[in-house]
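A.B. asks: missing the sequence, but the structure's below:
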């Protein structure tokens, strides 16, 4: 299996460069089609205008969103037209409260969504909801690309954050095309449980399963020497010169379908290499 339909969602220009470059590199290597959804975001909240606001104010916010959508579309077309891959790009306008519906619909029909890092400088308030919508509502695997990450067509070393969870296993299965291409996959187990069926061989059954797919695996058992698991994974990725981290996406929800949990948010904030997530 390969990723044949690649999607990115753009609401800004420069923060999308790394994701666009990574998407083109993968598309050229896997003969895939790339799609850029370029959205102008109406960031006003209907019902919160001051007393006396009139249609001119509503029209102004809509006109601004339309202009942003056109600017982003032109940027995407200029970038993608330089590549040798098949691509398409279109624009539209969405209110920020309704953004997730549009993103989820496109993500549902994509093999992989490739998105810029949602945290950092020059990031709009819509960046995190786009990631959430693609994963939790669109049920697509997502590759989050940091600004300074170097695009790859085939990963050399991949780290798997393995904690025996359903989310981690789902991410691993969705990442199999990458895992089978990699030179080496490191299964990282942090402070394995002292009790349970895998206590004597942490990561062993996963390694066996992946080996049957032709994946070359090694198991790294690490101590929790830092407070956050994300910090340990990021440091290990740097030490092993990994190209990608694969992990489950964790969330919690009350009023929304899902919201990124703290561990996932920390990873996306700090990682210097692309992070593959699935839920």
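C.D. replies: Good, I have the coordinates. The shown structure was predicted, so the numbers you read here are calculated from the model rather than taken from an experiment.
A.B. asks: How far off centre is stretch 103-117?
C.D. replies: Counting by C-alpha atoms, centre = their mean, to the nearest Å, stretch 103-117 is centred 8 Å from the centre of its parent chain.
A.B. asks: buried stuff in that stretch?
C.D. replies: 103-104, 106-107, 110-117 (16 or more other C-beta atoms under 10 Å). Bear in mind the C-beta positions are built from the backbone N, C-alpha and C, glycine included.
A.B. asks: in the one helix or strand residue 78 maps to, what counts as buried?
C.D. replies: In this assignment (DSSP states H and E), residue 78 forms part of helix 55-80. Buried residues in helix 55-80, counted by 16+ other C-beta under 10 Å: 61, 64-65, 68-69, 72-73, 75-77, 79-80.
A.B. asks: Just put these in CSV and tack on pLDDT and distance to residue 170.
C.D. replies: Shown next, in CSV, are the buried residues of helix 55-80 (pLDDT from 0 to 100; distance: C-beta to C-beta, whole Å):
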residue, pLDDT, distance to residue 170
61, 81, 39
64, 90, 39
65, 91, 35
68, 94, 35
69, 96, 33
72, 97, 31
73, 97, 33
75, 97, 34
76, 97, 30
77, 97, 35
79, 97, 32
80, 97, 30
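A.B. asks: In those, find the pair that's most separated.
C.D. replies: 61 and 80 (28.6 Å; C-beta to C-beta).
A.B. asks: that older thread, can you convert the buried residues of helix 55-80 into a markdown table and add a column each for distance to residue 134?
C.D. replies: Shown next, in a markdown table, are the buried residues of helix 55-80 (distance: C-beta to C-beta, whole Å):
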| residue | distance to residue 134 |
| --- | --- |
| 61 | 25 |
| 64 | 25 |
| 65 | 20 |
| 68 | 20 |
| 69 | 19 |
| 72 | 17 |
| 73 | 19 |
| 75 | 20 |
| 76 | 17 |
| 77 | 22 |
| 79 | 20 |
| 80 | 19 |
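A.B. asks: Residue 92: what secondary structure?
C.D. replies: Using DSSP: H, G, I helix; E, B strand; the rest coil, the structure places residue 92 in strand.
A.B. asks: Tell me the pLDDT of it.
C.D. replies: Looking at residue 92, its pLDDT reads 94.
A.B. asks: What of residue 157?
C.D. replies: Reported pLDDT for residue 157: 98.
A.B. asks: give me phi/psi at it?
C.D. replies: phi -120, psi 130 (degrees, to the nearest 10).
A.B. asks: Write down the beta-bridge partners of it, one by one.
C.D. replies: Listed by DSSP bridges, the beta-bridge partners for residue 157 are residue 184.
A.B. asks: Report the separation between residue 71 and residue 177.
C.D. replies: Residue 71 is 34 Å from residue 177, where distance means C-beta to C-beta, to the nearest Å.
A.B. asks: and what of residue 93?
C.D. replies: Taken as C-beta to C-beta, the span from residue 93 to residue 177 is 34 Å.
A.B. asks: Find the nearest non-adjacent residue to residue 231, please.
C.D. replies: Among residues not flanking residue 231 along the chain, residue 270 sits closest, at 6.9 Å (C-beta to C-beta, 6 or more residues apart in numbering).
A.B. asks: Tell me how many other residues crowd that neighbour.
C.D. replies: Other residues near residue 270 come to 17 when the count uses other C-beta atoms under 10 Å.
A.B. asks: please begin residue numbering at 15 from this point
C.D. replies: That works, and once the first residue is 15, the last one we named lands at residue 284.
A.B. asks: That one contacts residue 244, doesn't it?
C.D. replies: Yes. Residue 284 is within contact range of residue 244, at 6.0 Å (criterion: C-beta atoms under 8 Å).
A.B. asks: what ranges do the helices span in the chain?
C.D. replies: Ranges of helices within the chain are 31-44, 69-94, 113-121, 141-146, 180-188, 190-195, 218-225, 243-254, 276-284, based on DSSP state H.
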